[in-house]
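**Q** missing the sequence, but the structure's below:
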């Protein structure tokens, strides 16, 4: 019974992974993910208790959640879940702020879109492109949601 606690400790500190298999920086697995891993280990234990490798091991009759090491890991995860979520929200907010355009960059791009030297584009199309750029960079992000911008919030 020494391997599952070490495996779970590793999973608790492991970074989340994208579908491509690349680790996502500043992330960690949550309590529900670790609980699913324990469920999978218990299912594996239940399905393979009759294999020749595991014959004679009385530990297999006991579920993993009854072991004190596993119980302490789960209780620590419950305690730390609120801190983990608040840290992830803080990192998410800092990340969205750092990836936005500066005011000078927006002015430079919008002036470039309205540049009269390019031929073939009409002024209404240029105004539309500039407005789309400025509106898209002015959206308020909160998690996966985009909040509507009021006309009173815009200064033209």
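**A** Great, that's in hand. Just so you know, these numbers come straight off a predicted model, no measurement behind them.
**Q** For the residue nearest to residue 17 when sequence neighbours are not counted, which residues are in contact?
**A** Spatially, and ignoring its direct neighbours in sequence, residue 17 is nearest to residue 23 (5.7 Å; CB to CB, 6 or more residues apart in numbering). C-betas here are computed from N, CA, C, even on glycine. Each residue near residue 23 by CB atoms under 8 Å, 6 or more residues apart in numbering is listed here: 15-17.
**Q** Next one: residue 23 from residue 68, what distance?
**A** Computed as CB to CB, to the nearest Å, the residue 23 to residue 68 distance reads 31 Å.
**Q** Three-state assignment for the residue nearest the centre of the chain, please.
**A** Of all residues in the chain, the one closest to the mean position by CA atoms, centre = their mean is residue 27, 6.5 Å from it. The assignment at residue 27 comes out as coil when based on DSSP: H, G, I helix; E, B strand; the rest coil.
**Q** Next: residue 50.
**A** coil.
**Q** per-residue confidence for it?
**A** At residue 50, the pLDDT value in this model is 76.
**Q** tell me the phi and psi of residue 115?
**A** With angles defined as degrees, to the nearest 10, residue 115 sits at phi -60, psi 120.
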